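Colleague: pasted the sequence and its predicted model underneath.
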Amino acid sequence: MKRTIFFDLDGTLIDTSDRHYKVYKDILKSCGISNTLSKQEYWNHKREGRKTVELLPENCSEDITRTFIDEWLERIEDKSYLKYDTLLQETLSVLSTLKGKAVLMLVTLRNNSENLLWELNNFGLTNYFKEILVSSPLEVKSKTPLIRGYLEKCSKADDFIIVGDSEMDISVGKEFGMLTIAVTYGIRSKVFLSKYKPDYHLDNLSETVKVLEETDNR
């Protein structure tokens, strides 16, 4: 049986925490606000499921909040900030191993597909994936349309797996009857992800290889 693995990008294959925190601090600084959360505080809240706009200081006016939202969309995928992303140490070796065992797909929500490809090329990720499924989060609320479109072209007998760090990844995997693998080192904590009942929790990306071997032996 042919296996296809859908990989999330941000938080799963690359560490985006520095970028997100840098944008958060820079926007508030431009608004004259210095009483921001520390990076650890910021990321702890994100891992508990809080939205970024919910992490603004309590004294932020409605005008500042609107400015923050607009500036966030303007900056978050700009190349000057994408440079703060880092490739997780085990990503390339894991993808190299899995490419010989399954079809690899990348599925992500990004506003700027051109800058996405620029980043993927910089990290040497592009050639590992059969296809890169991308859409803007301003146009779709989840990855469901992207994955549905691909599945409609596939054999119903194929075996599908999804690997991601968010509730969106787990939910869309369950929607299509996939094996769901939640990585616990990204934007959401293990405790938070447990609410969505993934089939596996992994603390390290390399453990995906073991999961595939385990499913082979069933």
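Modeller: Perfect, I can see it now. Numbers count the residues shown, from 1 in each chain.

Colleague: which residues in the protein form strands?
Modeller: 3-7, 14-15, 86-87, 103-109, 131-135, 159-164, 179-183, 200-202 (DSSP state E).

Colleague: buried residues of the helix or strand of the chain with the lowest mean pLDDT, list them for me.
Modeller: When the helices and strands of the chain are scored by mean pLDDT, DSSP states H and E, helix 207-216 comes last with a mean of 88. Neighbour-count burial for helix 207-216 flags Glu207, Thr208, Val211, Leu212 (criterion: 16 or more other C-beta atoms under 10 Å). Every residue, glycine included, has its C-beta placed from N, CA and C.

Colleague: out of the residues you listed, which is nearest to Thr91?
Modeller: Among the buried residues of helix 207-216, Thr208 lies closest to Thr91 (C-beta to C-beta), at 10.8 Å.

Colleague: burial count for the residue nearest to Val103 when sequence neighbours are not counted?
Modeller: Take Val103 and drop its neighbours on the chain: the residue closest to it by C-beta to C-beta, 6 or more residues apart in numbering is Thr4, 4.4 Å away. Neighbours of Thr4 under the rule other C-beta atoms under 10 Å: 20.

Colleague: please name the bridge partners of Thr4.
Modeller: Val103, Phe160 (DSSP bridges).

Colleague: show me what contacts Ser135?
Modeller: Leu109, Lys143, Pro145, Leu146 (C-beta atoms under 8 Å, 6 or more residues apart in numbering).

Colleague: tell me the pLDDT at the first one?
Modeller: The one in question is Leu109. Here, the pLDDT recorded for Leu109 equals 97.

Colleague: which ones are touching the closest residue to it other than its chain neighbours?
Modeller: Among residues not flanking Leu109 along the chain, Pro137 sits closest, at 4.3 Å (C-beta to C-beta, 6+ apart). Going by C-beta under 8 Å, 6+ apart, Pro137 touches Leu109, Arg110, Asn111.

Colleague: just the pLDDT at Pro137, thanks.
Modeller: 93.

Colleague: show me how this structure divides into domains.
Modeller: 3-15+85-216, 17-82 (automatic domain parsing).
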